[in-house]
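Asks: Sequence first, then the predicted structure, then my questions.
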Amino acid sequence: MAIDDQHSPTPLALLTIGALGVVFGDIGTSPLYAFRDALTPAAADGIDPAEILGVLSLALWALFLVVTVKYVLFLMRADNEGEGGVLALAALARRALGWRARAALLLGAAGAALFYGDAIITPALSVLSAVEGMQTIPSTAAFFDQNMVLAVTITILVGLFVIQSRGTADIARLFGPVCILWFLTIGGLGLWHIADEPSIFRVLLPTYGVELLMTHGVTGLFVLGAVFLTVTGAEALTADMGHFGVRPIRIGWFFLVAPSLVLNYMGQGAFALAALEHAKAAHVPFINQSWFFLMAPEPVRGGLIVLAGLATIIASQAVITGAYSLTQQAIQLGLLPRLRIRNTSATSSGQIYLPAINWLLMIGVLVLVVQFRTSSAMAAAYGIAVTGTMVITTCLAYVVVRHRWSWSRPLAVGVILPFLTLDIVFFGANILRVVEGGWVPLAVAAGIGTLIYTWVRGRSIVGEFERGQSIPLADLAAALAKRPPERVEGTAVFLTANPVGAPGALLHNLKHNKVLHQRNLIVSIRTASRPTVSDERRLSVERIDDNFSTAVLSYGFMESPDVPRDLGLARKDKGGLVGDPARTSFFIGRNTLKPDAEQGMPLWQDRIFMFLQRNASDPTEFLRIPPGKVLELGEQVTV
């Protein structure tokens, strides 16, 4: 959780600097390619000043409406105990919907699936666009041909993913200062070139953008889809609320990031207008170029490219870290199988590393770089995932304001509908770019969505089987009290998803070993619809008789379970619930899965579910249980 920034100005300043280095990396590097790529459709058959002004006007108004109004001023109020992001919002909506909570979880899963498409595009596009800046320096352009650009980009990206396992807490301290320098530089560069065409301030009127859309038909929609590149990264503003708090993010946006972006885009527009005038005077065709780098004088352009490279690495790091956090939330919410999670910092619980996600992301990023080769080609793949996530976020926001904040339906519709309309318009404009590359994030999202559905459905089938085989724990306790089996010393902890029914591992232990421990604790783990759960609310215990007690451990969706630790707290606070840890054994049910095309899921989904189950992290590792204390018992289940 964020440090309390209400009372101490020093933490607020530090949090704001930290937010500048994490929250705004993605949207802060959009000037590298967004204006250039938005101008490309308009310049396909020649261009005039009105088209440059129209593109620029659309870009600035997208920043204002989507980022400032929707995210900074509105959606940042819809937090889940300080946490944001699509899954946090889905969890908040689930609490508000009650029995209809599955719809909110479905929307959250779809948003998470789309995020992974974004997560492989951001590093590839941002780093590639920065390295391409070397081609704008005449003295290095011949050496940095396309193959060399790709080689340098791949080297940087591989290095970025390799260092993840070592943790990034130490170098993350530099992110804020580097990004402050970045935003001051791009803002100053834009302000300098506004002097090329002082009348550029007229683009602040929305009429130029509206006129371009009204007069250019389908081309206008392609322009609108490319203009959306200016607001990619807006989701990070809410996703990182839990790390920095609302005030630091808003301060960073209003006082540095937004002014710098506006000045830079206006400077690029003024520079492009000046270039158009020179082209007309020289009777040569206008060429759409990398306006961002060309704005810098050639002697200092190399330094700007290095700074841009650092900024894109920071932006990529933020997306990679976001993918780790989102995966952790998805695992806790039961949307994905357990994966190995490593903490890379002794002081920050948010510093985690997931090897499987890291290497899968790296493979996806490298495939994109090799496949598309240029940032212009890759830009077409960017918008669909982001706009899709934004549509989902807006739908979840309606659920929150209507059912959580108890707004009237007319008020909720009146506030949300304009945002949803804007999102749908942008999404529709980006759908037109599917053939150009927009299929990539859709394919990734479809693949992740299939995995999520298969995992949830498979777990449901296994759960139904286990419930069918189970008997009420109270009935078993009563039967054993009348005819007690052989007793052994110590405590048996049986982990189960259903604390009311007798766990399968307990029944198998009685059937095959014919013994019962002195103490038997039936433990189930619940994921709360909130980020964290306090220690006081972590454990609830119910005593059944002298032989059995049930315990429920609750964790937030941002937390990792630690069963021995939290039962150890119970041993001190609950009067010897566990007893001697040295004489405690943990029993876990592990069933053998059998595919069957005639029942359950289709055979191909059976294969996927079995693969996910086999490759899931060992429950003992995930639950932090000492391996030498675990016994696994189960039976065959047809899925």
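Replies: Good, I have the coordinates.
Asks: Number of residues surrounding R543?
Replies: 11 (other Cβ atoms under 10 Å). Backbone N, C-alpha and C define where each C-beta goes, glycine included.
Asks: Contact partners for the residue nearest to it when sequence neighbours are not counted?
Replies: Nearest residue to R543 in three dimensions, chain neighbours excluded: S549, at 4.8 Å (Cβ to Cβ, 6 or more residues apart in numbering). With contact set as Cβ atoms under 8 Å, 6 or more residues apart in numbering, S549 has these partners: 519-522, 541-543, 577.
Asks: Show me which pair in those residues is furthest apart.
Replies: Spanning the widest gap among the contacts of S549 are R519 and E542, at 14.3 Å by Cβ to Cβ.
Asks: Settle it for me: which of these two has more neighbours?
Replies: The neighbour comparison of R519 against E542 (other Cβ under 10 Å) goes to R519, with 21 against 11.
Asks: in whatever helix or strand V300 lives in, what's buried?
Replies: Using DSSP states H and E, the element containing V300 is helix 298-332. Neighbour counts over helix 298-332 (16 or more other Cβ atoms under 10 Å) mark 301, 304-305, 307-332 as buried.
Asks: Next: stretch 267-286.
Replies: By 16+ other Cβ under 10 Å, the buried positions in stretch 267-286 come out as 267-273, 275-276, 286.
Asks: What distance do you get for D79 to A88?
Replies: According to Cβ to Cβ, to the nearest Å, D79 stands 7 Å off from A88.
Asks: where do the contact lists of the two overlap?
Replies: G242.
Asks: neighbour-wise, which of these two wins?
Replies: The neighbour count for D79 versus A88, taken as other Cβ under 10 Å, is higher for A88 (30 against 20).
Asks: circling back to that earlier point, which among the contacts of S549 gets closest to A124?
Replies: Closest to A124 out of the contacts of S549 is I522 (48.3 Å), distances taken as Cβ to Cβ.
Asks: The closest one: which element?
Replies: I522 is part of strand 515-527 when elements are defined by DSSP H and E.
Asks: That strand - which strands sit beside it in the sheet, and in what orientation?
Replies: Strand pairing for strand 515-527, determined by DSSP bridges: strand 486-495 (parallel), strand 548-555 (parallel).
Asks: if we compare the ones you listed, which one ends up closest to I471?
Replies: Nearest of the strands paired with strand 515-527 to I471, taken as Cβ to Cβ: strand 548-555 at 12.9 Å.
Asks: just how off-centre is the closest one within its chain?
Replies: Distance, stretch centre to chain centre, for strand 548-555: 31 Å (Cα atoms, centre = their mean, to the nearest Å).
Asks: Can you give me the buried ones in it?
Replies: Result for strand 548-555 [16+ other Cβ under 10 Å]: buried residues 548-551, 553-555.
Asks: same thing with stretch 367-385?
Replies: Counting neighbours by 16+ other Cβ under 10 Å, one finds that the buried residues in stretch 367-385 are 368-369, 372-385.
Asks: ends of it, how far apart?
Replies: One end of stretch 367-385 to the other measures 17 Å (Cα to Cα, to the nearest Å).
Asks: Tell me how many other residues crowd D535.
Replies: Around D535 sit 9 other residues, with neighbours defined as other Cβ under 10 Å.
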